[in-house]
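Q: With the input below, show me the fold.
(one chain, ligands or ions: 2)
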Amino acid sequence: MLDLCAECHKLLGCDTAHPLSGRPDACGICSGYRLLVHCHCKAAQEIALYNAALRSFVLGMRAGFIENMQNKGGWREIHYGFAARKVLEEAGELAEALIGGHSRDWHVPVMREAADLANFAMFIHSRAGAEASAARSIEARVGERLTRG
Ligand SMILES: [Zn+2]
Ligand SMILES: [Zn+2]
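A: Ligands and ions are numbered 1, 2, ... in the order given. Just a heads-up that it's a prediction; the model follows:
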């Protein structure tokens, strides 16, 4: 079961007309704070399972990040090239952890390496997003100045 806003529900393609909830909450797809419907369709169930796995994954990423951050510079200053090399390096460590995975606690390094890999991918995602929005805001300011003359 997934709680989602009417707009996202429409995009999901479910034909059932569910009643809207009495008070707003975070939509399970767009995260917008809206009135929601409870949907049980196959796609909604897949997304609900994905959201639950994502929450657990994000907690693993954060734990790995906090453990790795000691005596290191800020993560937002990490360059694309370094982050991309770390993604590949962490992918190798993840593969090794999977290959070596027959002991009792095999899941610990596998989950850890998957989270480390994702952190470097997230740094790239975040930096690209920040640069794009900075570029948009410069363009908007230049545009404003040009139209004001
Ligand atoms: Zn939504
Ligand atoms: Zn539905």
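
Q: which element is Asp3 on?
A: Per DSSP states H and E, Asp3 falls inside strand 2-5.

Q: Report the buried residues of stretch 76-91.
A: Neighbour-count burial for stretch 76-91 flags Ile78, Ala83, Lys86, Val87, Glu90, Ala91 (criterion: 16 or more other C-beta atoms under 10 Å). Just so you know, the C-beta spots here come from the backbone N, C-alpha and C atoms, and that holds for glycine as well.

Q: any idea of the mean pLDDT in it?
A: For stretch 76-91, the mean pLDDT works out to 95.

Q: now it: how far from the chain's centre is it?
A: The chain centre lies 17 Å from the centre of stretch 76-91; the measure is C-alpha atoms, centre = their mean, to the nearest Å.

Q: which residues sit against it?
A: Contacts of stretch 76-91 with the rest of the structure, by C-beta atoms under 8 Å, 6 or more residues apart in numbering, involve Glu113, Asp116, Leu117, Phe120, Ala121, Phe123, Ile124, Ser126, Arg127, Ala130.

Q: Neighbours of the fourth one, how many?
A: Other residues near Phe120 number 21, with proximity taken as other C-beta atoms under 10 Å.
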